[in-house]
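Q: coords please:
(4 chains)
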Protein chains: 2
Amino acid sequence: MTTPSTVQRIEMVLTEEISVGELTPGMRLDEAKLAERFGVSRTPIREALNRLTAQGILVPGEKRGVFVAQYSREELSQIFEAMHEIEAACARIASQRLNLLARSEIEQAQSECLAAARSGDRAGYLRANEAFHMAIYKATGNPYMAEIATEFRRRTGPFRAKKFETTQDLIESAESHRELIDNIFSEDSATASNGMRSHMTASFMQTLKVN
Amino acid sequence: MTTPSTVQRIEMVLTEEISVGELTPGMRLDEAKLAERFGVSRTPIREALNRLTAQGILVPGEKRGVFVAQYSREELSQIFEAMHEIEAACARIASQRLNLLARSEIEQAQSECLAAARSGDRAGYLRANEAFHMAIYKATGNPYMAEIATEFRRRTGPFRAKKFETTQDLIESAESHRELIDNIFSEDSATASNGMRSHMTASFMQTLKVN
DNA sequence: ACATTTGTTTTTGTATACAAAATAGTGGCC
DNA sequence: GGCCACTATTTTGTATACAAAAACAAATGT
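A: So this is what the prediction gives:
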């Protein structure tokens, strides 16, 4: 692992703070303040903000300033629709490329989801759930596909996280993975992609309630 | 239409030059030279290069410099696989949202493809073909989906363009749209997405021969 | 009291300067 | 002649400076 450059570091910190909810949607990011906070000049800050904007995590304001992306219900619905299609495509490709390693990595991630859910570890479950989906992306063997999927995951992170309130929420989410896994492991592409679509749709129903 | 800022202008010019093939894959872009050429300082050039890098059109070199993205056959195959899935997803969504306007825009674009193909207008066909696919993206009613699709289209532009040599190539490509349109207009999502996948796959076979 | 204009302050975009990293070049040495 | 060490040059990343644009605020006139 190469040492991250200054702008990569800034990018990572901000991404993290947004996904954790420390920086909430709609909030404005001030170049000068960030420069002072990170102890660097505006130049690398600008570069980091540009990259985050390109990823859709931040959006440029009407006249000036960049803001943490904030979506209307309509936009949220569209962005999730797109994400569902991407996820479904990943499931589809993965179902056709499955090997022993991929299967075990997915199962492994699922165990961790269940463990975290049962112990009511919300933060742990969020991490494990990401890892679970990442395992599917990886199983596609296609880094380009994996990258768009990851990007959408980051973009929607702050909205999805909100839906997990109780331990029961976590358990239900974790258990719903089982059918999804079976669908993917069936190695039938239509079953896999439809399975993912319905998993995601069910999940989105919950998300919409809290956004 | 707002006047494009300096960096947007630079971004557009470079994008165009890459898609046209004036800047070929593997070529190095020198900040200082570009700065001189556009009559600006390195700062806005840097910003433009960053954005293009974020879009995957440029890639950072090992140690220094940015280069026009160049893909091995393996990578090309992966990137097209991803693109096929995105296009298929667009076809799928579009098939469920079709209205009269969308239908006529797609047919309109197709007429222009045929006209350009028959008159052997290569550049014209390339443009018309882009417009045809854009019409499908637009028919999804989902700007997020449309954006990723467009991004992939830009990224693969230089490789896809190469496959059109003769007028016959153009005509065959344009005529193969017919079946695709019928599949989408059937309003059956599986038919639409599978139709797009096979259209894209056939097209990729040609692409691979020349890359 | 309100709208409009004018002046002030912030904020952004671009230019320039500079230091650190990387490459290329040069000369000496075997 | 080939190879290594060392220097010069290019190139990059970051800082700083400055001018133009935008937001804000106050004052003026109606």
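
Q: The closest residue to A:Thr207 other than its chain neighbours: what secondary structure?
A: Ranked by Cβ to Cβ, 6 or more residues apart in numbering or on different chains and with sequence neighbours excluded, the top spatial neighbour of A:Thr207 is A:Lys163, at 5.0 Å. (C-beta placed from N, C-alpha, C; glycine too.) Under DSSP: H, G, I helix; E, B strand; the rest coil, the three-state class of A:Lys163 is coil.

Q: Chain A - how does it break down into domains?
A: A:6-68, A:73-209 (automatic domain parsing).

Q: next SSE after whichever helix in chain A runs longest?
A: Assignment by DSSP state H gives helix A:73-97 as the longest helix of chain A. Using DSSP states H and E, the helix or strand that follows helix A:73-97 towards the C-terminus is helix A:100-118.

Q: Give me the angle between that following helix and helix A:73-97.
A: 140 degrees (axes from the mean of the first three to the mean of the last three Cα atoms, to 10 degrees).

Q: what comes into contact with helix A:100-118?
A: Residues outside helix A:100-118 that contact it (Cβ atoms under 8 Å, 6 or more residues apart in numbering or on different chains) are A:94, A:124-125, A:127-129, A:131-132, A:134-136, A:138-139, A:167, A:170-171, A:173-175, A:177-178, A:181, A:184-185.

Q: tell me which residues in it are buried?
A: By 16 or more other Cβ atoms under 10 Å in any protein chain shown, the buried positions in helix A:100-118 come out as A:Ala102, A:Arg103, A:Glu105, A:Ile106, A:Ala109, A:Gln110, A:Glu112, A:Cys113, A:Leu114, A:Ala116, A:Ala117.

Q: Could you report the pLDDT at the second one?
A: It stands for A:Arg103. On pLDDT, A:Arg103 comes in at 96.

Q: how close does it get to DNA strand C?
A: 40 Å (Cβ to the nearest atom of the strand, to the nearest Å).

Q: The longest helix of chain A vs chain B: in contact?
A: Yes. Judged by Cβ under 8 Å from any Cβ of the partner chain, helix A:73-97 comes into contact with chain B at A:Gln78, A:Ile79, A:Glu81, A:Ala82, A:Glu85, A:Ile86, A:Ala88, A:Ala89, A:Arg92, A:Ile93.

Q: which of those residues lies closest to A:Pro60?
A: A:Ile79 (17.3 Å; Cβ to Cβ).

Q: Flag every residue of chain A that's near chain B.
A: A:46-47, A:50-51, A:54-55, A:78-79, A:81-82, A:85-86, A:88-89, A:92-93, A:141-145, A:148, A:190.

Q: how about 6 Å then?
A: With Cβ under 6 Å from any Cβ of the partner chain as the criterion, chain A meets chain B at residues A:50-51, A:54, A:78-79, A:81-82, A:85, A:89, A:142, A:144-145, A:148.

Q: Out of those, show me where the pLDDT dips lowest.
A: A:Ala54 (88).

Q: and it, how many residues sit next to it?
A: Look at A:Ala54: counted by other Cβ atoms under 10 Å in any protein chain shown, it has 16 neighbours.

Q: Now it. Nearest residue, chain neighbours left out?
A: B:Ala54 (3.7 Å).

Q: got the buried residues for stretch A:175-192?
A: A:His177, A:Leu180, A:Ile181, A:Asn183, A:Ile184, A:Phe185, A:Ser189, A:Thr191, A:Ala192.

Q: Among those residues, name the ones in helices.
A: Among the buried residues of stretch A:175-192, the residues falling in helices (DSSP H) are A:His177, A:Leu180, A:Ile181, A:Asn183, A:Ile184, A:Phe185, A:Ser189, A:Thr191, A:Ala192.

Q: now the residues you listed in CSV, with pLDDT?
A: Converted to CSV, these look like this (pLDDT from 0 to 100):
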residue, pLDDT
A:His177, 95
A:Leu180, 94
A:Ile181, 96
A:Asn183, 96
A:Ile184, 96
A:Phe185, 96
A:Ser189, 93
A:Thr191, 95
A:Ala192, 95
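
Q: Adding distance to A:Phe159, write those residues out as CSV.
A: Rendered in CSV, the data for these read as follows (distance: Cβ to Cβ, whole Å):
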residue, distance to A:Phe159
A:His177, 20
A:Leu180, 20
A:Ile181, 24
A:Asn183, 25
A:Ile184, 25
A:Phe185, 29
A:Ser189, 29
A:Thr191, 28
A:Ala192, 25
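
Q: In JSON lines: the residues you listed, plus distance to DNA strand D.
A: Below are these laid out as JSON lines (distance: Cβ to the nearest atom of the strand, whole Å):
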{"residue": "A:His177", "distance to DNA strand D": "40"}
{"residue": "A:Leu180", "distance to DNA strand D": "41"}
{"residue": "A:Ile181", "distance to DNA strand D": "42"}
{"residue": "A:Asn183", "distance to DNA strand D": "44"}
{"residue": "A:Ile184", "distance to DNA strand D": "40"}
{"residue": "A:Phe185", "distance to DNA strand D": "43"}
{"residue": "A:Ser189", "distance to DNA strand D": "41"}
{"residue": "A:Thr191", "distance to DNA strand D": "46"}
{"residue": "A:Ala192", "distance to DNA strand D": "41"}
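
Q: which pair in those spans the largest distance?
A: A:His177 and A:Ser189 (19.2 Å).

Q: So the residue nearest to A:Ala54 versus B:Ala48, what's the distance?
A: Between B:Ala54 and B:Ala48 the computed distance is 11 Å (Cβ to Cβ, to the nearest Å).
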